[in-house]
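A.B. asks: Give me a 3D structure for the following:
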Amino acid sequence: MSTAAEVEQPPEGKSKKGLIIGLVLALAGAGGGFYAMYSGAAMSLFGGDSQTAEGDSATAAADDGHGTGDSAAPAPNAVGFVPLEPITISLGPRGQSRHLRFSAQLEVAPAHAAEVRHLMPRIMDVLNIYLRALDPHELEEPAALLRLRGQMLRRVQIVTGPGFVNDLLVMEFVLN
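C.D. replies: Sure, this is the predicted structure:
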């Protein structure tokens with residue numbers, strides 16, 4: 001027969017050591033994953049940076065070490081700039097003579113510069129229409145230029161098509 005001491009034995013408490021170790025390992029893994037994505041190490045591991053790798057191997061194949069490689073080939077990260085004609089727009093009612101003077105350049109891949117220049121009348125039209133539709137108080141806000149730049153870039157990219165224009169660089173934005 002069993003005694004009362006054996007029957008009323010309290011269950012052994014489970015150790016929380018395994019839970020703490022698992023939590024620490026999970027946090028370390030999450031931190032390591034974040035760092036790998038942030039630094040770009042994961043992109044090269046998973047083939048996300050294949051464009052530059054292909055460009056480097058093509059350049060290495062063309063250059064045999066004697067300087068006879070194709071020096072006219074553009075660098076993989078080469079960009080070109082297409083200047084926009086300056087735009088001057090009158091703002092507000094006729095009684096107030098306020099003007100906005102705007103000039104910019106479009107950042108394009110060198111291969112697409114001629115195509116973007118060909119579409120310049122449409123680009124200027126869409127920018128003129130957008131800038132004329134703005135109220136003067138919209139231009140005086142502190143973050144106005146950043147917002148306007150994004151809107152204008154979006155409109156230019158719609159006109160040119162995807163992949164032609166990478167950025168819109170504001171050279172002059174004067175409100176008087």
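A.B. asks: Tell me where the chain has strands.
C.D. replies: Secondary structure of the chain, counting by DSSP state E: strands at 80-83, 87-91, 98-108, 165-175.
A.B. asks: ok, of these, where does mean pLDDT dip lowest?
C.D. replies: Per-stretch mean pLDDT for the strands of the chain is lowest at strand 87-91 (a mean of 90).
A.B. asks: Could you figure out how far that strand is turned away from strand 98-108?
C.D. replies: Relative orientation of strand 87-91 versus strand 98-108 (axes from the mean of the first three to the mean of the last three CA atoms, to 10 degrees): 150 degrees.
A.B. asks: List the pairing partners of strand 87-91 within its sheet, with orientation.
C.D. replies: If you go by DSSP bridges, strand 87-91 pairs up with strand 98-108 (antiparallel).
A.B. asks: Can you give the contact residues for the strand it pairs with?
C.D. replies: Strand 98-108 has contacts (CB atoms under 8 Å, 6 or more residues apart in numbering) with 79-92, 116, 123, 127, 131, 136, 139, 152, 156, 164-176. The C-beta positions use only the backbone N, C-alpha and C, and glycine is treated the same way.
A.B. asks: again, 6 Å this time
C.D. replies: 79-84, 86-92, 116, 136, 165-176 (CB atoms under 6 Å, 6 or more residues apart in numbering).
A.B. asks: From these, list just the buried residues.
C.D. replies: For the contacts of strand 98-108, a burial check counting by 16 or more other CB atoms under 10 Å picks out 80, 82, 84, 87, 91, 116, 165, 168.
A.B. asks: show me the residues around the first one that make contact.
C.D. replies: What it means is residue 80. Per CB under 6 Å, 6+ apart, neighbours of residue 80: 108, 110, 113.
A.B. asks: Highest neighbour count among these?
C.D. replies: Greatest neighbour count in the contacts of residue 80, by other CB atoms under 10 Å, goes to residue 108: 22 neighbours.
A.B. asks: distance of it from residue 101?
C.D. replies: Using CB to CB, to the nearest Å, we find residue 108 at a distance of 23 Å from residue 101.
A.B. asks: CA atoms of stretch 153-171 as PDB?
C.D. replies: Taking Å, rounded to 0.1, in the frame of the first residue of the first chain, the C-alpha atoms of stretch 153-171 are listed here in PDB:
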ATOM      1  CA  LEU A 153       7.800  63.300 -60.500                       C
ATOM      2  CA  ARG A 154       4.700  61.000 -60.500                       C
ATOM      3  CA  ARG A 155       3.100  63.000 -63.300                       C
ATOM      4  CA  VAL A 156       6.300  62.900 -65.400                       C
ATOM      5  CA  GLN A 157       6.700  59.200 -64.900                       C
ATOM      6  CA  ILE A 158       3.100  58.700 -66.100                       C
ATOM      7  CA  VAL A 159       3.900  60.700 -69.300                       C
ATOM      8  CA  THR A 160       7.200  58.900 -70.000                       C
ATOM      9  CA  GLY A 161       6.300  55.400 -68.900                       C
ATOM     10  CA  PRO A 162       7.800  53.200 -66.200                       C
ATOM     11  CA  GLY A 163      11.600  53.100 -65.900                       C
ATOM     12  CA  PHE A 164      12.500  56.100 -68.000                       C
ATOM     13  CA  VAL A 165      12.700  58.900 -65.300                       C
ATOM     14  CA  ASN A 166      14.300  58.000 -62.000                       C
ATOM     15  CA  ASP A 167      14.100  61.400 -60.200                       C
ATOM     16  CA  LEU A 168      13.200  65.000 -60.600                       C
ATOM     17  CA  LEU A 169      15.800  67.400 -59.200                       C
ATOM     18  CA  VAL A 170      14.600  70.900 -58.400                       C
ATOM     19  CA  MET A 171      17.200  73.500 -59.400                       C
END
